[in-house]
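1. fold the following and give me the result.
(chains A and B)
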Amino acid sequence: MFFRFFVFCMLLASATNVLAQDFFQEDPVKLKEVRVTSRRLHDYGVGATVSAPDSGLVKLHRNESLSSLLANTSGISLKTYGTGGLASVSIRGGGSSQTAVLWNGLNIQSPMSGGVNLSVMPVRFFNNVEVQHGGSGTLFGSGAVSGVIHLSGDDLMRKENSLGASVATGSFGFGSVSADLKTGTSGFASKLSVFGQKADNDFTFTNTSRIGHPKETQTNAGVLQYGILQENQWRISEKSFLTTGFWYQDYDKDLQTLMSSRRPNVTNQKDKNILGSVNFKHYTRSGMLNVKQGLIRNKVLYSDPDLVNPQADNNSLSWINEAEYKYRLGKYHSVNAGLNYTYELARSDGYMEDVARNRIAAFASGRYGMFGGRGAVVLSFREEVSDKDFQPVVFSLGVEHPLWKGVQLKGNISKNYRIPNLNDLYWEEDGYAMGNPDLSAESGWSGDVGADFTFRSRMVEAKLNTAFFASRTEDIIVWLPEDGGKWMPHNKKVGETMGLEAGVDLMIAPGRNKIGACVFYTYVKSTLSTDDEYNNRQMVYTPGNKVNAVFSYSRSAFYVTLGGSYTGERYYDHQHKLDSYTLLNTSFGYKFNVSGVIADLSFQINNISDSKYQVVAWYAMPPRNYLFSLNLTI
Amino acid sequence: MKRLGFFKKDFASFSLLKAFSFALLLVFVSCESDDDPVSTMDKGDFVNGVFVLNQGAMNAANASVTFIGQDTVMGDLFTERNNVEVLGDVLQDMVSVDTLSFLVLNNSHSLVVVNNKDFSFVKEISVGINNPRYAVVHDGLIYVSQWGNDGEVAVVDPEKMQVINSIALGGGPEGMAVVGDHLWVANCGGYGTDNVVSVIDLSNDEVVEEITVKDNPQDLVEDANGDVWVLATGYTQYDDALNVISETPSAIHKIDASSFEIEKTFNPDETVYGKATKIAMAADGQSFYFGGGYGFPGIWEMDIAASELPGETFADITPSGMGVDPSNGDLYVGIAPNFTSGGRVEVYAANGIAVETYEEKIGIGPCNFVFVSE
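-> Predicted coordinates:
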């Protein structure tokens, strides 16, 4: 163990030495950056594909939850248990616990399950959603094996004060209201956002699990949720900034009756999440200190009146502390090093007693800028100690190289890890399952190479992004019945993934017209292997082919958006597949000004082609449906 | 396993009533009779073999039925024969009356009725069916144990194909056996605990006896002498802080079927035998097999005259289901290494020697066996 730590320190020191040999200053424009989103992503996520959902797409889903937006976002595969139900994300064939979700730079994955329920979160709360594809996210810690979703708000002090409100109503009892108020000056600004949504989801579907495929009405699928987000940003001095965030979510979801069940389900899930964050930045002549702290409290109450204990209560608390310092070495080079201490506490009806875990991580990155800042090499390391277990030292090496004007080559190779979730380790032995305290971390390698092309003219802006990726993860944790009996997790499988991503972004602006198009294709071959199962079969719920497309057109006050996605067939067990499906959504709207109030009236049609599809086996999904919304901004 | 009991009765005690109650198998069997006018009738596609019921993974609705014939194995019978995608969610049991077979689909909350000659779909019964577990046939009626509706046995008329009566029982009615004119039902506790074996008079569907046994009786079988053997797993209770408040041991009871008195109780040491959940009577009714304890790779065979539990295992595997071929006494064992891929069936001769393993076309979680002769 100590040897490993020693090696880690040596590597860290040598990396720092190598990178310290340059003398130029990094572009100082970034000094004014206040936004809480991680600078680490932008400065040190070099060589990785980082994308953001198209603005037209964000607009299309602005009255819905983050799961609706991400389901249509490039390169993301979302596993949704019915409409409005538990939704978890995966990137490049990884699982949800292998994809980290960061809010204001804090990892909000549940320490118990490793998951994040994206159906709980409204799109409106995050002005910035960024998706980092691949294992380069390793410098954000455990769980960032296949990618990272970064969520953050706006730089409020640069924004004008505003008051916004929106109401939306739609098919199957859908209704949502939200409002946000931004006030302040360039020295202090705050924003309050509130959000509420309900849906009955009592849609009609074709029950393909029954002979004759009868039409049935969905039962027990309603949802009621609300949330509040309060953010403050202070400019304490010319060089110091403090931001705080407080976020509360409440989610009450009836768990949808499966198509294969002839009795209405009676189970329900209630999630309550409280998140708080404080972030302090201080700029010095040669660098920047960033200290952040977060407190995350999750509660998931699962109820099933048929059970002896009709409610199962799961609680977790994460206390995250992180300090990092970025030291600039000349104009284009820098090093960044930091420490993270996270305390996790879980109390669950599934555990024998409260479980606590202490995690300490040290991380460091060096950036070497090239070609006047247009290219860079970044080397990063991270070492984590969870309780007394030293995890393997992981690293990421990324390169961006401007080949010639308009063409940029990029590449990344990284070693990743994921420590077991608390459920994996400590699930109390009951009749059916037990945790395995002897589990070790999953670890693996991933890499990608790609090229970005850009073309700009007076009227046209075009971008083409391509990436080829591959990864191998060992010791993947899977729950298996022990000798056919009690379920227990083991480090059993080896996952191998390779694939391609290719995206085109096109913006044409002839005269007063604006036309935008964005198409993204993902091919993933993802296999799990052990000596006894799944050999060389595509991993369950991982589509081989996926296409996302968004087209938008606007002419002065009128706009129309068409979003579409194609999801290829997916295995849901060793031999059965869910059919591929195509979903098309559209919205058209009109913006007008009524005595200083900007109104935006829109009409949206989801699933235009009335596609019959399933995301998770036997969870019916809604047919064509409609949404009418009004957004007001002062 | 319950059918096994019947087989034993048909072949060991030749009770006419019991033979009558076992109508499905009789359909296959009776065709042989020379002076029977139905002898020219189509015997169907499934003779001299065993149906393997693969329960599938819960909520994935990937239950399936495999038929192992003399020289062929046919998988996915229901979906292939009906050209559909799905049979249902968590298949537990299958019984037959005349030309119809009734498949018990636990998490679909239904009985799927098929023609047992070609497995073509006939009907799905769901009214009155709630969390069904197992089924037996007696006097032309089907009795289905159900955890739902607060624990009951639903009585299904196979001609009308509907539930015509229900008999309220304790928590989690599970394994059943027809013993004489009585239906014995183990109340396994369902999601909680119970310790009663209910005895129902089949002439009026009324509970005539409640036998208190050790906690959570799972299943029961009748031996050659007409005694009933009950397998109970015991129950562990936790308080709100999840401390173990009480823990009761597993047990094997021998009960006199006429006096309803418990004659013997064996207390298997859980560190040796695990908490066995499966029990199956040997073809001659002179011994039974038990096993299926969580994480305990073992099947034990116990002689009905034995005064203590067996010292050595019959086979070192954990069964997800067991059944005995009445024609030769072979023990069929279903094995589910996981619930994401197909399992396997291992066959052991009565002397404990492994004779065959089937892996091809066995579905997820093989949990039950239904034997048919010609």
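
2. pull up the gap between A:G95 and chain B, please.
-> 14 Å (C-beta to the nearest C-beta, to the nearest Å). All C-beta spots, glycine's among them, are computed from the backbone N, C-alpha and C.

3. from B:N267, how far off is that residue?
-> Distance from A:G95 to B:N267, counting by C-beta to C-beta, to the nearest Å: 44 Å.

4. could you pull up phi and psi at A:F125?
-> Torsion angles at A:F125 (phi, psi; degrees, to the nearest 10) stand at phi -80, psi -10.

5. excluding its backbone neighbours, what's nearest it?
-> A:L229 (4.8 Å; C-beta to C-beta, 6 or more residues apart in numbering or on different chains).

6. mind listing the strands the helix or strand where that neighbour lies pairs with, and their directions?
-> According to DSSP states H and E, A:L229 maps onto strand A:223-235. According to DSSP bridges, strand A:223-235 forms sheet pairs with strand A:188-199 (antiparallel), strand A:240-254 (antiparallel).

7. what residues sit buried inside that strand?
-> For strand A:223-235, a neighbour-count test (16 or more other C-beta atoms under 10 Å in any protein chain shown) marks A:V223, A:L224, A:Q225, A:Y226, A:G227, A:L229, A:E231, A:N232, A:Q233, A:W234, A:R235 as buried.

8. can I get the residues you listed in CSV including distance to A:Q391?
-> Formatted as CSV, the buried residues of strand A:223-235 follow (distance: C-beta to C-beta, whole Å):
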residue, distance to A:Q391
A:V223, 38
A:L224, 40
A:Q225, 36
A:Y226, 38
A:G227, 34
A:L229, 33
A:E231, 33
A:N232, 35
A:Q233, 35
A:W234, 36
A:R235, 38
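
9. could you dump those residues into TSV with pLDDT added?
-> TSV is the format used below for those (pLDDT from 0 to 100):
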residue	pLDDT
A:V223	94
A:L224	95
A:Q225	94
A:Y226	94
A:G227	94
A:L229	95
A:E231	94
A:N232	94
A:Q233	93
A:W234	93
A:R235	92
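
10. which of the residues you listed sits closest to chain B?
-> The closest of the buried residues of strand A:223-235 to chain B turns out to be A:V223 (C-beta to the nearest C-beta; 19.3 Å).

11. how near is that closest one to A:M259?
-> 19 Å.

12. what's the burial count for residue 298?
-> Since you didn't name a chain, this refers to chain A. A count of nearby residues for A:N298, using other C-beta atoms under 10 Å in any protein chain shown, gives 24.

13. that's the other chain; I wanted chain B
-> B:G298 has 22 neighbours, counted by other C-beta under 10 Å.

14. give me the element B:F67 is part of.
-> Going by DSSP H and E, B:F67 is part of strand B:64-68.

15. tell me the bridge partners for the residue nearest to A:F125.
-> Going by DSSP bridges, A:L229 forms beta bridges with A:S193, A:W247.

16. one more: A:G447?
-> Bridge pairing for A:G447 - DSSP bridges - gives A:I413, A:A470.

17. for chain B, see how far away it is.
-> 29 Å.

18. any regions of the stretch 101-250 of chain B where pLDDT drops low?
-> B:237-245 (pLDDT under 70).

19. what does it have sitting close to chain A?
-> Residues of the stretch 101-250 of chain B lying close to chain A (C-beta under 8 Å from any C-beta of the partner chain) are B:107-110, B:121, B:124, B:126, B:129-131, B:147-148, B:190-193, B:236, B:241-242.

20. more neighbours: which of A:G95 and B:N267?
-> Shown here are A:G95 and B:N267; by other C-beta under 10 Å, A:G95 has more neighbours (27 against 13).

21. can you pull the contacts of A:T244?
-> Neighbouring residues of A:T244 by C-beta atoms under 8 Å, 6 or more residues apart in numbering or on different chains: A:E231, A:N232, A:G276, A:S277, A:V278, A:N279.

22. residue of the stretch 51-200 of chain A nearest chain B, please.
-> For the stretch 51-200 of chain A, C-beta to the nearest C-beta, closest residue to chain B: A:Y81, 9.5 Å.
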